[in-house]
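**Student:** With the input below, show me the fold.
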Amino acid sequence: MLAVERYGALGRLLAYGIAGHHSGLANGRDPGECSTLEERLKGQSLPALLDQWQNEIQLPAMSELGPLPIKPVRERQVFQLAFLARMLFSCLVDADFLDTEAYYDRIEQRPSRRSARPSLPHLQQALNVHLAGFRADSPVNRIRADILGHVRQQAVQEPGLFSLTVPTGGGKTLASLAFALDHAIRHGLRRIIYVIPFTSIVEQNAAVFRKALGEFGEQAVLEHHSAFSDNRAQDRQARDKLRLAMENWDAPIIVTTAVQFFESLYADRPSRCRKLHNIAGSVIILDEAQTLPLRLLRPCVTAIDELALNYRCSPVLCTATQPALQAPEFRGGLQGVRELAPQPEQLFQRLVRVQVRQVGILSDAALQRQMAEREQVLCIVNNRRHARALYESIAGSDGARHLTTLMCARHRSQVLAEVRQRLHDGQPCRLVATSLIEAGVDVDFPTVLRAEAGLDSIAQAAGRCNREGLRALEASEVLVFQAENPDWKAPQDLQQFAQAAREVLRNTTGDPLAPGVITRYFQHLYWQKGDRELDAKDLLAQIESKRLEGIPFEMLAREFRMIDSMQCPVIIPFDDEAQESLRALEFADGCGELARQLQPYIVQLPRQGYDALLKAGAIQPVAPERYAEQFMQLVNPDLYHAQYGLHWDNPTFMDVTNLVI
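**Tutor:** I've put the predicted structure just below:
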């Protein structure tokens with residue numbers, strides 16, 4: 001009330017954070033779970049002696065505060081105010097947490113739990129040592145070296161929006177890290193944040209960074225995602241420091257997921273918002289930027305643009321298939337994006353390693369023959385049922401393997417290790433997988449069969465073919481097919497992506513994966529979708545309609561969800577380590593570290609499958625008297641198969657009367 005009284009519009013921004021610093025940012029006017037700010041400002045049931053604060057605090061005069069420190073954009077004025085309010089809220093709640101933490105450190109006479117972190121110049125030196133050992137001993141490695149050198153030269157450019165458009169396998173990961181360190185040091189930025197689309201590759205990328213940064217890797221790189229398991233932190237003090245750093249992103253290099261990053265930018269809870277002010281002054285690498293969900297694309301892009309415009313960030317859209325976010329078809333897109341790679345069109349021509357051909361409609365039998373005729377082949381299909389059926393049809397052939405998200409991560413890692421070994425040794429290897437293998441998985445097949453999908457997915461599939469460029473071009477094929485069997489029909493969105501790809505390729509000659517073709521594909525896709533489908537919840541319009549007094553913070557946090565469908569985790573007692581952690585969970589003082597250790601053994605199920613297994617008693621809670629249903633484990637080992645993973649979507653098992661516990 002005092003903030004609004006003394007500081008007007010700025011005071012109202014402050015009032016949102018003051019009122020919500022324990023319970024969260026509330027809606028300005030519209031009813032929600034929390035009392036609205038409008039209700040709080042009425043001052044009902046206030047205690048007496050509220051003026052005693054004046055003995056402790058001297059508030060500045062309005063004239064001392066100056067104008068709001070943001071460059072306004074007419075089309076998103078209320079959005080900008082909401083963004084600033086959330087950043088100020090972040091500063092407040094983090095300071096509150098840190099002050100409390102320091103107080104208890106002091107009265108308990110213990111050292112600070114905050115770890116000392118290496119400086120960015122130290123990390124730069126370590127990376128330089130690592131890169132000095134890089135050998136340009138093949139045509140592909142020489143191109144990677146050229147890309148790295150050129151990208152590092154661009155670090156002198158002023159902070160702002162960048163793109164890094166490099167073919168799959170062109171060395172984007174280390175080139176982007178080198179640019180980020182050079183750019184941050186040159187311009188006094190504070191940290192580097194890697195935003196990765198899939199949890200499954202966060203740990204993989206973090207491991208690459210730790211190795212590249214040598215002795216500083218462990219201290220410098222922080223992973224923050226739902227499946228985080230940090231087995232390096234063996235003692236309680238180390239785990240405590242890790243948890244604290246995760247809460248406010250107090251580390252020089254953060255590796256996180258798109259879900260964690262973007263949902264935090266629209267969050268309302270103190271715990272989710274605490275880290276936001278540490279995003280300011282960062283280099284933000286948006287890996288595989290084309291994977292941002294189309295139904296939230298405009299809100300995501302608006303947030304990226306605001307970080308660059310007013311919070312001294314340098315976002316880098318890093319991908320082989322650059323989304324056309326500057327196109328006229330994309331209203332409110334990014335302007336002034338600068339490309340870091342050397343002449344992408346020519347670069348893609350130099351790095352052509354595969355031929356892409358459309359082979360039309362294939363029956364199940366024809367697809368089976370295509371795989372049987374080849375010693376080493378990868379087939380990527382659009383749903384798990386198709387993957388399983390195809391694998392079953394070739395299971396008797398030498399080297400047949402299957403990869404699905406119905407396997408836990410530890411299981412998938414074992415399968416991939418076998419696949420890589422067989423490929424390396426020249427043994428037969430016929431792998432059937434869903435699109436999960438396109439998410440940064442480093443495999444190198446001579447032939448890839450890809451069910452029709454968007455052009456970006458086809459490009460990612462091509463990255464698993466002749467990845468190192470050691471085979472002749474004519475011996476390296478990506479064959480795009482349409483499944484004849486209607487049972488394998490792709491979801492509606494994927495059908496739309498595939499249709500856009502067909503229409504663009506129909507009018508394309510030359511390399512179908514060239515940057516210009518990819519741009520036309522995304523332009524066509526955005527035109528098909530239209531403004532409304534690129535912000536399916538109409539969040540940006542709702543923000544602007546509310547004005548400062550009615551910013552709907554609670555509604556935004558509820559509606560901005562990167563993953564739409566409800567997924568339920570089931571723990572698979574896959575090996576001795578998983579079984580030991582499950583036993584320990586029943587008697588442990590705390591569950592946090594054990595929960596992280598169990599993450600590689602989780603399979604996420606749709607609600608339907610989860611409920612069927614629960615009804616049959618095939619899954620049961622671990623120590624329900626302590627955790628309720630927080631940890632659900634599979635108790636019927638017959639339902640987890642060495643080739644198929646969890647059986648929930650097999651018709652045999654969907655009839656719960658057939659489930660024998």
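**Student:** so where is the stretch 201-350 of the chain shaky, pLDDT-wise?
**Tutor:** Applying pLDDT under 70 to the stretch 201-350 of the chain picks out residues 225-246, 327, 329.
**Student:** hey, where'd the strands end up in it?
**Tutor:** When secondary structure is read from DSSP state E, counting those that start in this stretch, the stretch 201-350 of the chain shows strands at 221-224, 253-257, 282-287, 314-319, 338-339.
**Student:** Tabulate those strands (a markdown table), appending mean neighbour count and distance to residue 165.
**Tutor:** C-betas here are computed from N, CA, C, even on glycine. Conversion of those to a markdown table gives the following (neighbours: other CB atoms under 10 Å; distance: least, CB to CB, whole Å):
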| stretch | mean neighbour count | distance to residue 165 |
| --- | --- | --- |
| strand 221-224 | 24 | 25 |
| strand 253-257 | 26 | 22 |
| strand 282-287 | 26 | 12 |
| strand 314-319 | 26 | 7 |
| strand 338-339 | 14 | 6 |
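**Student:** Out of those, which gets nearest to residue 545?
**Tutor:** Checking these against residue 545 by CB to CB gives strand 314-319 as the closest, at 27.2 Å.
**Student:** What strand or helix carries the closest residue to residue 201 other than its chain neighbours?
**Tutor:** Leaving aside its chain neighbours, residue 201 sits nearest to residue 440 (4.0 Å; criterion: CB to CB, 6 or more residues apart in numbering). Using DSSP states H and E, residue 440 falls within no helix or strand.
**Student:** next one: phi and psi at residue 440?
**Tutor:** Geometry field for residue 440 lists phi and psi as phi 70, psi 20, criterion degrees, to the nearest 10.
**Student:** among the strands of the stretch 201-350 of the chain, which is nearest residue 196?
**Tutor:** Of all the strands of the stretch 201-350 of the chain, it is strand 282-287 that lies closest to residue 196, at 4.9 Å by CB to CB.
**Student:** which element is residue 79 on?
**Tutor:** Element membership for residue 79 (DSSP H and E) is helix 77-107.
**Student:** List the buried residues of that helix.
**Tutor:** Of all the residues in helix 77-107, those buried under the rule 16 or more other CB atoms under 10 Å are 78-94, 97.
**Student:** Tell me the spacing between the residue nearest to residue 342 when sequence neighbours are not counted and residue 519.
**Tutor:** Nearest residue to residue 342, sequence neighbours excluded (CB to CB, 6+ apart): residue 150, at 4.1 Å. Computed as CB to CB, to the nearest Å, the residue 150 to residue 519 distance reads 21 Å.
**Student:** closest to residue 466 out of the strands of the stretch 201-350 of the chain?
**Tutor:** With CB to CB as the measure, strand 314-319 is the member of those nearest residue 466 (19.7 Å).
**Student:** Against which helices or strands is that closest one packed?
**Tutor:** Packing contacts for strand 314-319, counted by 3 or more CB pairs under 8 Å, 6 or more residues apart in numbering; DSSP states H and E, involve strand 162-165, helix 172-187, strand 282-287, helix 297-310.
**Student:** wait, doesn't residue 498 sit right on residue 454?
**Tutor:** Yes. Using CB atoms under 8 Å as the test, residue 498 is close enough to residue 454 to be in contact (6.6 Å).
**Student:** Do a quick rundown of the helices in the stretch 451-600 of the chain.
**Tutor:** The residue ranges that make up the helices of the stretch 451-600 of the chain, judged by DSSP state H, counting those that start in this stretch, are 455-462, 492-506, 515-533, 539-546, 553-559, 576-585, 592-598.
**Student:** What helices and strands are in contact with the longest one?
**Tutor:** I take that to be helix 515-533. Applying 3+ CB pairs under 8 Å, 6+ apart, one finds that helix 515-533 makes contact with helix 344-350, helix 455-462, helix 492-506.
**Student:** which one of those helices has the most crowded surroundings?
**Tutor:** For the helices and strands packed on helix 515-533, average neighbour numbers computed from mean count of other CB atoms under 10 Å are highest in helix 455-462, which has a mean of 27.
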